[in-house]
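Asker: Fold the following and give me the result.
(one chain, ligands or ions: 2)
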Amino acid sequence: MTEKPHVLIHSAWYEPAMRRLDELAVTHHLYEAEDEAAFLAEIGPKCSVIGTMHYCPASLMDAVPDLKLVLNFGVGYDGVDVAEATRRGVKVVNTPAVLNDCVADMALSMTLGGRRHLVQADRYARAGRWPVEGDYPYTLNVHSTKVGILGMGRIGMEIADRCKAFKMDISYHQRTKRNDVSYRYYGDLEAMARDVDILIAIIPGGDATRGLISEAVIEALGPEGLLVNVARGTVFDNDALARCLKDGRLGYAAIDVYPDEPNIPPSLLEITDNLTLTPHMASGTHYTRNAMGMVLYDNLKAMIEGRPLLTQVN
Ligand code: NAP
Ligand code: 8YV
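Answerer: Ligands and ions are numbered 1, 2, ... in the order given. Presented below is the predicted three-dimensional model:
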């Protein structure tokens, strides 16, 4: 019987699925180590696989000289240095598709909650303001609005399906026009932002999309506009967003992702009237997190059995 591979787990993911890796491999949990450097020096050379959630720079690869495979818990892999992995002959796998529905559900929850002030109205009711100040101010409708989806990929398509069910008019922007959808395509993001009521971002992070939603794009969305970001915290400048929300150039924002997680920019934390913040949880249901973990399990099994990897990105 061949020896089980050793896996260095940098950061823990959905526990029941992560623990199933023990059927296939010897796992070593870096995040539990008291002295990370000592742990890496002792364990790194035994391992051929790294398991991680969005984090694998060259320095972590250096600690695992026989590295063959990086298991990334997430469809987005902007925190993994894929170019460096490729240069070293290391394969990277991610967890696409299985999270589409939950992320799209969350994007719509944020859209509905933002337009109808779900969080603010809850605060108003609990603070006893209704009997004193009267009815909550009127909010904005969801149906009959125009929505622009930034990134009509796997998740963007699911978001569009849900927007259709909510009777919204759908446009999208990305670098390539799709031939398989009839939604209105904009080659220019700012032009789309000017024409829509709601902008939902669901694109990858990294340098290619850094700051793509510029202050001009946010402004173009306008005083009644809603910006929903379930993509990555790097796709716009959070301080610019805070300025636009405060001075009324943007109506409302609902944000799930941040540039330096788990820290949320203080400029956003202080805004409560027209901003909803969630802690990067769009895929965070038991069902989906388990499915994501099982995609990594299946990839590791494929590697061990000498079969092609299932979700290789490089
Ligand atoms: P996907 O199927 O690869 O779709 C990504 C879309 O973004 C593509 O259609 C692509 O079209 C577009 N795009 C890429 N680069 C772009 C650019 N520079 N400018 C404009 N559009 C660009 O990916 P997915 O599975 O839908 O996931 C999308 C992203 O969502 C992930 O990478 C991750 O960052 C984020 N996400 C967040 C959560 C969360 O918990 N909040 C959960 C899952 C995923 P073109 O190539 O034609 O431009
Ligand atoms: C994360 C995500 O994986 O898939 C992605 O790209 O951003 C999420 O599903 C999840 O939040 C764990 O980090």
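
Asker: Name the nearest residue to the residue sitting nearest the centre point of the chain, ignoring sequence neighbours.
Answerer: For the chain, the residue nearest the mean C-alpha position is A231 (4.6 Å; CA atoms, centre = their mean). For A231, ignoring the flanking residues on the chain, the nearest one in space by CB to CB, 6 or more residues apart in numbering is A201 at 4.2 Å. Glycine gets a C-beta too; all of them are placed from N, C-alpha and C.

Asker: Look up how far G211 lies from that neighbour.
Answerer: Summarising the geometry, the distance separating A201 from G211, computed by CB to CB, to the nearest Å, is 12 Å.

Asker: Counting neighbours, what do you get for the closest residue to ligand 1 within the stretch 51-200 of the chain?
Answerer: The stretch 51-200 of the chain approaches ligand 1 most closely through G153 (1.8 Å), counting by CB to the nearest ligand atom. Applying the criterion other CB atoms under 10 Å, we find 18 residues in the vicinity of G153.

Asker: Would you check that it makes contact with Q174?
Answerer: Yes. Assessed by CB atoms under 8 Å, G153 is found in contact with Q174 at 7.4 Å.

Asker: Now do the shared contacts for these two.
Answerer: Common neighbours of G153 and Q174 are listed as I203 (criterion: CB atoms under 8 Å, 6 or more residues apart in numbering).

Asker: between A201 and G211, which one's more packed in?
Answerer: Shown here are A201 and G211; by other CB under 10 Å, A201 has more neighbours (26 against 13).

Asker: Tell me where this protein has strands.
Answerer: Counting by DSSP state E, residue ranges of the strands within the chain are 6-9, 26-29, 49-52, 69-72, 91-93, 146-150, 169-173, 184-186, 198-201, 226-229, 252-255, 275-277.

Asker: for the ones you listed, which one sits closest to ligand 2?
Answerer: Nearest of the strands of the chain to ligand 2, taken as CB to the nearest ligand atom: strand 69-72 at 8.2 Å.

Asker: Off-centre distance for the longest helix that the chain contains?
Answerer: Using DSSP state H to assign secondary structure, the helix with the most residues in the chain is helix 286-304. The chain centroid and the centroid of helix 286-304 are separated by 18 Å, computed with CA atoms, centre = their mean, to the nearest Å.

Asker: so does it get close to ligand 1?
Answerer: No. Residues of helix 286-304 contacting ligand 1 under CB under 6 Å from any ligand atom: none, with a closest distance of 9.1 Å.

Asker: Rebuild the strands of the chain as CSV, extending it with mean pLDDT.
Answerer: Written out in CSV, the entries for the strands of the chain read as follows (pLDDT from 0 to 100):
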stretch, mean pLDDT
strand 6-9, 98
strand 26-29, 98
strand 49-52, 98
strand 69-72, 98
strand 91-93, 98
strand 146-150, 99
strand 169-173, 98
strand 184-186, 98
strand 198-201, 98
strand 226-229, 98
strand 252-255, 98
strand 275-277, 98
